[in-house]
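> The following comprises the amino acid sequence and a computationally predicted model.
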Amino acid sequence: FSGSILDNSTFQYADALSLDQEISITGNWTTNFVVLGTFMNAGQFNGKGEKYLGIRLNGETDYKYGWIKIYVSEHNDTLRIIDYAYNNIEGSFIRAGQKE
């Protein structure tokens, strides 16, 4: 994976996005490890069910923005990747859940 994760917390708690939220240049992007959910109730995905992780992939001249739909169980003991997509047009935004 050559890219970064949307983390506006700046504490390595990746943003848990809702359907149709815009994913673009706006926001704090990190290449550090991020937390989705823990047994200590940390992380924005913590027991939230299905949410979207904003991703930014390195392109040839700009970034390609995308998302990964993730399910995190109520007790954070199950994490499942459900779907993903990204915009092939470098520098263009995508909305969480958008396929085209």
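Here it is on my side, so go on. The structure presented is a predicted model; accordingly, all values stated were derived computationally and were not measured.

> Quick check: closest non-adjacent residue to the spatially most central residue of the chain.
Nearest to the mean C-alpha position of the chain, by C-alpha atoms, centre = their mean, lies residue 53 at 1.6 Å. Excluding its sequence neighbours, the residue lying closest to residue 53 (C-beta to C-beta, 6 or more residues apart in numbering) is residue 68, at 4.5 Å. For every residue, glycine as well, the C-beta is placed using N, CA and C.

> got it, and residue 99?
Residue 99's closest residue in space is residue 85 (C-beta to C-beta, 6+ apart), at 5.4 Å.

> how about low-confidence regions in the chain?
For the chain, the stretches with pLDDT under 70 are 1, 38-40.

> Just the C-alpha atoms of stretch 75-94, please, in CSV.
C-alpha atoms of stretch 75-94 as CSV (Å, rounded to 0.1, in the frame of the first residue of the first chain):
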residue,chain,number,x,y,z
HIS,A,75,-17.1,-5.4,21.2
ASN,A,76,-14.3,-4.7,18.7
ASP,A,77,-13.4,-8.4,18.4
THR,A,78,-14.3,-8.6,14.7
LEU,A,79,-13.1,-6.4,11.9
ARG,A,80,-14.2,-7.2,8.3
ILE,A,81,-13.4,-5.4,5.1
ILE,A,82,-16.6,-5.3,3.0
ASP,A,83,-15.7,-3.2,-0.1
TYR,A,84,-13.5,-0.5,-1.5
ALA,A,85,-13.2,1.9,-4.4
TYR,A,86,-11.1,4.8,-5.5
ASN,A,87,-11.4,7.5,-8.1
ASN,A,88,-9.1,6.8,-11.1
ILE,A,89,-8.8,10.6,-11.9
GLU,A,90,-5.9,11.9,-10.0
GLY,A,91,-6.7,14.9,-7.7
SER,A,92,-10.5,14.3,-7.9
PHE,A,93,-12.5,13.6,-4.8
ILE,A,94,-14.8,10.6,-4.2
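
> For it, buried residues please.
Neighbour-count burial for stretch 75-94 flags 76, 85, 86, 87, 94 (criterion: 16 or more other C-beta atoms under 10 Å).

> now those in a markdown table, with secondary structure?
A markdown table is the format used below for those (DSSP: H, G, I helix; E, B strand; the rest coil):
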| residue | secondary structure |
| --- | --- |
| 76 | coil |
| 85 | strand |
| 86 | strand |
| 87 | coil |
| 94 | strand |
